[in-house]
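*Asks:* Pasted the sequence and its predicted model underneath.
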Amino acid sequence: MKQNRQAATLVGKTALVTGAGGGVGRGIALALAEVGARVVIAARRGATGEETAELIRAEGGEALALEVDVTSLEEVRRAVTAAQVRFGGLDILVHNATHGASGHPKQLQDFDDADWDAQVAVDLAGAHHCAVAAFAALRASECGRMILLCSTFGLHGAALNPAYAAIKGGIRGLTKALAREWGPSGITVNAISPSALTAASEAFFATQPQLYDSYIANFPLGRMGHERNDIGRAVASLCGPGMGYVTGQIIQVDGGLYTAG
C-alpha cells in the first residue's frame, strides 16, 4: 500500500467510520487506512460501504464493510462489537454520517417535524448512539479517540439551512461535553469543520456555475479541500500519537474559509 510519511502512526489501531460509503467519509476511511489503521466502514447502503472497503484492500489495507443505520443504537452497538471481534478492539470512532437532506437549502417555515427529526436522528442522535456504543471500547484502548464532524454553519449560522446549523451547533456542544467527561478515561474527543469539494458540491456548482468563483474567493488558500488528502489526512493526524494532548477542540479544516468569514 502506498503510504505517506506518517505511515506507521496508526499501525495496529482499529477505526470505525460512519457514513463512509462515499464523500468525506470515504476520504477519511482511506486516509486512516493509509497510515496503517484497520477500518470498519459503517454505511447506510452496504454496497457503497463495500466499495470503500475494496479501495482500501486494493492499497493493501484491512477493512470490514457493514450496513449500519446510525439512527439505531443497536445497529451501532453491533458495528462496535464486529470491530472488536474482527480486529480485537476499537481505538478510533469517527462519526461522519449525515442526512441526505442536510445539504439542501430550506427555510424554517418549510420544515415540518418529520423533516427536522429525520436530520437530527442521523447527525445528532447518531453521534449520541456512537458515543454510547463505543465508550467502553475506547476506554479500553491505550489511545481512545472520537472525532465528530462539525461545520462552520454550527458557528456562524446558515441562512436557509436552520436544521443543519442547529445540529452542528449541537455537535459542537457535545464534543466539548464529552471531552470533559471522557478525559479522565484517557479518551480525546474533538471535531473538525471541513470544507471539501465532494461529488455533491460538484453537482451543485455544475447547476450554478456563476456561484463557484464567488464562493472560492472566500478561501484564502484559493480552493476547496480534497476529501482524502486534506480532510482525511487531517483526521488521521488528529488520531495519531502526537495529538494525544488535544481534546475538546473544533478544528477548522477549510482552507481558511471561516477565518475569511
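*Replies:* Sure, I can see it. Residues are numbered from 1 along each chain as shown.
*Asks:* Please make it C-alpha for all contacts and neighbour counts, starting now.
*Replies:* Noted.
*Asks:* Please state the offset of the helix or strand hosting residue 40 from the chain centre?
*Replies:* Element membership of residue 40 [criterion: DSSP states H and E] is strand 38-43. Chain-centre distance of strand 38-43: 12 Å, with Cα atoms, centre = their mean, to the nearest Å.
*Asks:* need the strands for the stretch 101-250 of the chain, in chain order.
*Replies:* Applying DSSP state E, counting those that start in this stretch to the stretch 101-250 of the chain gives strands spanning 145-149, 188-194, 250-253.
*Asks:* Each with direction, which strands does the shortest one pair with?
*Replies:* It refers to strand 250-253. strand 188-194 (parallel) (DSSP bridges).
*Asks:* pull the longest helix from this protein.
*Replies:* helix 113-140 (DSSP state H).
*Asks:* hang on, the earlier thing: what comes into contact with the strand holding residue 40?
*Replies:* Contacting residues not belonging to strand 38-43 are listed as 11-21, 29, 32-33, 49-50, 52-53, 61-69, 79, 83, 87 [Cα atoms under 8 Å, 6 or more residues apart in numbering].
*Asks:* Swap in 7 Å and give it another go.
*Replies:* Strand 38-43 is contacted from outside by 13-21, 29, 33, 49, 53, 61-68, 83, using Cα atoms under 7 Å, 6 or more residues apart in numbering.
*Asks:* Centroid-nearest residue for this protein?
*Replies:* residue 96 (2.9 Å; Cα atoms, centre = their mean).
*Asks:* for the helix or strand of the chain with the lowest mean pLDDT, which positions count as buried?
*Replies:* One helix or strand of the chain scores below all others by mean pLDDT, DSSP states H and E: helix 153-156, with a mean of 74. Residues of helix 153-156 classed as buried by neighbour count (16 or more other Cα atoms under 10 Å): 153-155.
*Asks:* With stretch 152-171 instead?
*Replies:* Neighbour-count burial for stretch 152-171 [16+ other Cα under 10 Å]: 152-155, 157-158, 161-171.
*Asks:* And stretch 81-97, by the same measure?
*Replies:* Within stretch 81-97, judged by 16+ other Cα under 10 Å, the buried ones are 81-83, 87, 89-97.
*Asks:* Contacts only, for the residue nearest to the centre of the chain.
*Replies:* 17-19, 25, 148-149.
*Asks:* how about 8 Å then?
*Replies:* Neighbours of residue 96 in contact, by Cα under 8 Å, 6+ apart: 17-20, 24-25, 123, 148-149.
*Asks:* Reformat the strands of the stretch 101-250 of the chain as TSV; add distance to residue 109.
*Replies:* Output for the strands of the stretch 101-250 of the chain, formatted as TSV (distance: least, Cα to Cα, whole Å):
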stretch	distance to residue 109
strand 145-149	26
strand 188-194	27
strand 250-253	30
